[in-house]
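Chemist: Mind folding the following:
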Amino acid sequence: MVMTMSTPEDHPTGAPKPEGPAIPNFRDDERARTRYATMLESRKKTFAREHESSIRNNAWAKRDELREELDKAGEEWERRKEAAEAAKEAYGKAYPQHIRKTRFVEPTGMENLKSFGAASKLYNAAKEAWLAAAEAESTIRKIEHNEGQLDVELQRALERAPQIVKEVTESEKWLAEIHAEEEMARAKARVEEIDVERAAYAKRLAAGQVTDEEKRLRAFGEADIRPIATNLDGFVFVRTESYGPKNYAILRDLNKQLYYLPYDPRLEPLFLGVYEFSRAGKDLAVRPYQRPNSRDAFSLRDFFVKTSENEEAADEALRQHQAWAKQRRMLAALTELDETETQAMQLLTDYAATLKS
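Modeler: The predicted structure follows:
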């Protein structure tokens, strides 16, 4: 049987019929969830970058301060070292016998007495100048040590950063601050609306207050199972689903998009093939799907290779599909079909009848 082809405008896909229960737009809801999660993650990443930048900036500021201190300490050491050398030289000129290679010796009591205390003054001046120079050198070593510790402290701070970021970005205070932004507040409110709707539905479902038709509409909406269209190519029947007395055949195309058609036992001869709605002009019929640029039929394995991650997964999917197709089903045909479903059913069952004969 040849029929006139319908267009997508004749039968829009995806949207539920206007009558019946209100069904969420699951794709829009998922986009809203994704948008909010992305915004939240973006804020967390921004905080993490700013926190790390702050750690590094603080380390660099401390390094600059230490280097400035080191320059001043070096100048002070040079000054004190010169003063120590001058004091030692003055003591050495007066009492050369008390100058050793690395130290100098205190004058005797007689020497101090004969010099009316001058010997002790020279000695004490040299000693104090030497201690002052040694102190200045010790200050330099401490600053150099502290500068070396900066790299260690920086590394430790960077290692702790992820935990600190996690603690901060999970805190009520931080979350309250970012949700004070109008855009974030709107995104969060939208997700909360979705959660409230889902919770209300779960409550009605548990109480047995959800009709089979609403269950179907929600299941099809959530899985993005669209009404069949007569412009499909490269599709297979993948399963059946039942909602109360109503049974449906589920089809999938090469783009992994799912479609539904009211179930009819006459469709079963088609469960082990890949098909397309083809046309010559405006005439429409069902035929086996062919390989691109070829007259060879597109096999079930070809289909699963095309729609699976790898050949191993394809072979397993094929095995499961063949087992499903061979099952005996005691399902009643659904007789309430709309215009496009009626057209598709006629085309499919006409071709199925040729396979049985």
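
Chemist: Quick check: residue 334 vs residue 279, distance?
Modeler: Applying C-beta to C-beta, to the nearest Å, the value for residue 334 to residue 279 is 26 Å. Where C-beta positions appear, they are placed from N, C-alpha and C, glycine not excepted.

Chemist: between those two, which one's more packed in?
Modeler: residue 334 (18 against 15; other C-beta atoms under 10 Å).

Chemist: From what I see, that one and residue 265 are in contact.
Modeler: No. Using C-beta atoms under 8 Å, residue 334 is not in contact with residue 265; the gap is 10.9 Å.

Chemist: Outline the domain layout of the chain.
Modeler: Following automatic domain parsing, the chain resolves into domains at 39-175, 213-356.

Chemist: I'd like the ones you listed as CSV, with distance to residue 204 and mean pLDDT appended.
Modeler: Shown next, in CSV, are these (distance: least, C-beta to C-beta, whole Å; pLDDT from 0 to 100):
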stretch, distance to residue 204, mean pLDDT
domain 39-175, 30, 86
domain 213-356, 9, 94
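
Chemist: Could you identify which of those is most buried?
Modeler: Neighbour counts (mean count of other C-beta atoms under 10 Å) averaged over each of the domains of the chain peak at domain 213-356, with a mean of 16.

Chemist: Spell out the residue ranges of the strands in the protein.
Modeler: Read by DSSP state E, the chain holds these strands, from start to end of the chain: 3-4, 225-227, 233-243, 246-253, 258-262, 275-280, 283-288.

Chemist: how about those strands in a markdown table, adding distance to residue 160?
Modeler: Listed next are the strands of the chain as a markdown table, based on distance: least, C-beta to C-beta, whole Å:
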| stretch | distance to residue 160 |
| --- | --- |
| strand 3-4 | 70 |
| strand 225-227 | 49 |
| strand 233-243 | 51 |
| strand 246-253 | 49 |
| strand 258-262 | 48 |
| strand 275-280 | 60 |
| strand 283-288 | 64 |
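
Chemist: So for residue 115, which of those sits nearest?
Modeler: strand 258-262 (110.6 Å; C-beta to C-beta).

Chemist: other SSEs contacting the closest one?
Modeler: Judged by 3 or more C-beta pairs under 8 Å, 6 or more residues apart in numbering; DSSP states H and E, strand 258-262 is in contact with strand 225-227, strand 233-243, strand 246-253, helix 339-356.

Chemist: contacting residues around it?
Modeler: Defining contact as C-beta atoms under 8 Å, 6 or more residues apart in numbering, one finds that strand 258-262 is touched by 13, 220, 223-229, 232, 235, 238, 241, 246-253, 267, 333-337, 341, 344-345, 348.

Chemist: now it against helix 339-356, angle please.
Modeler: 80 degrees (axes from the mean of the first three to the mean of the last three C-alpha atoms, to 10 degrees).

Chemist: still on that earlier bit, tell me which of the helices and strands packed on strand 258-262 sits nearest to residue 289.
Modeler: The nearest among the helices and strands packed on strand 258-262, by C-beta to C-beta, is strand 233-243 at 4.8 Å.

Chemist: Restrict that closest one to CA atoms and write it as CSV.
Modeler: Taking Å, rounded to 0.1, in the frame of the first residue of the first chain, the C-alpha atoms of strand 233-243 are listed here in CSV:
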residue,chain,number,x,y,z
ASP,A,233,15.0,6.3,8.3
GLY,A,234,17.3,3.7,9.9
PHE,A,235,15.0,2.7,12.8
VAL,A,236,14.5,-0.5,14.7
PHE,A,237,11.9,-1.6,17.2
VAL,A,238,13.7,-1.9,20.6
ARG,A,239,11.1,-2.7,23.2
THR,A,240,7.4,-2.5,24.3
GLU,A,241,6.0,-0.6,27.2
SER,A,242,2.7,-1.0,28.9
TYR,A,243,0.7,1.5,30.9
